[in-house]
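In: Any chance you could fold what I've pasted below:
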Amino acid sequence: MAAVETGQAVCAALWTRVTTDATMKSVFGQSGTVFMYRVMAPKDSAFPYIVDRLSISRELFHGQHTYFLDLWYYGEQPTAVDSAVDRLKILFHEWTFTTATDEASGFLEWFGGGYIPTDAEYVWHYATQWDIKFGAPRDISNIIIG
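Out: Have a look, this model is predicted:
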């Protein structure tokens, strides 16, 4: 198995949390699939979909980092988007993630979000921003008791 860059591993943990949630699937439509893309969606992607990206400041395991998650939806009313944002807040609230290989763990905190105007009728874009704080990678080999 090839090594995965830690930033990609963090994004994979977050992607799994969002795309496998049954409530998020039902909020996002009849297909039961949450389409989520890194950085940008393919041209002419079917709505609804999510785009995310991780912004690393300084060293990965120190300080605070930013996770952006944008929801895109087509419809007369943004009700589904509002429900999806509410669900994201529930999914990420006090949830501690750990990457698949236990190299990193951390948690997210809501920073803010809101609708961004688009130039297309009935296209809704809601941008969210989350603070990610990492715990130190687990190293139990050097624990001294006493």
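
In: Flag the shaky bits of this structure, pLDDT-wise.
Out: 1-5, 30-31, 58-63, 136-146 (pLDDT under 70).

In: Tell me where it has helices.
Out: 6-19, 22-27, 79-92 (DSSP state H).

In: Quick check: which of these is nearest to R53?
Out: Closest to R53 of those is helix 6-19 (Cβ to Cβ; 8.0 Å). C-beta coordinates here come from the backbone N, C-alpha and C atoms, glycine included.

In: What are the buried residues along the closest one?
Out: Neighbour counts over helix 6-19 (16 or more other Cβ atoms under 10 Å) mark 6-7, 9-11, 13-15, 17-18 as buried.

In: Contacts for it next, please.
Out: Applying Cβ atoms under 8 Å, 6 or more residues apart in numbering, the contact partners of helix 6-19 are 4, 24, 33-34, 36, 38, 50, 52, 54, 56, 60, 67, 69, 88, 91-92, 95, 97-101, 103-104, 106, 108, 132.

In: Quick one, which of those are buried?
Out: 24, 34, 36, 50, 52, 54, 60, 67, 69, 88, 92, 97-99, 103-104, 106, 108, 132.

In: Now T101: closest residue in space that isn't a chain neighbour?
Out: A9 (6.8 Å; Cβ to Cβ, 6 or more residues apart in numbering).

In: Distance check, the one you found against G106.
Out: Going from A9 to G106 by Cβ to Cβ, to the nearest Å gives 11 Å.

In: Same question for K25.
Out: From K25 across to G106, the span is 25 Å (Cβ to Cβ).
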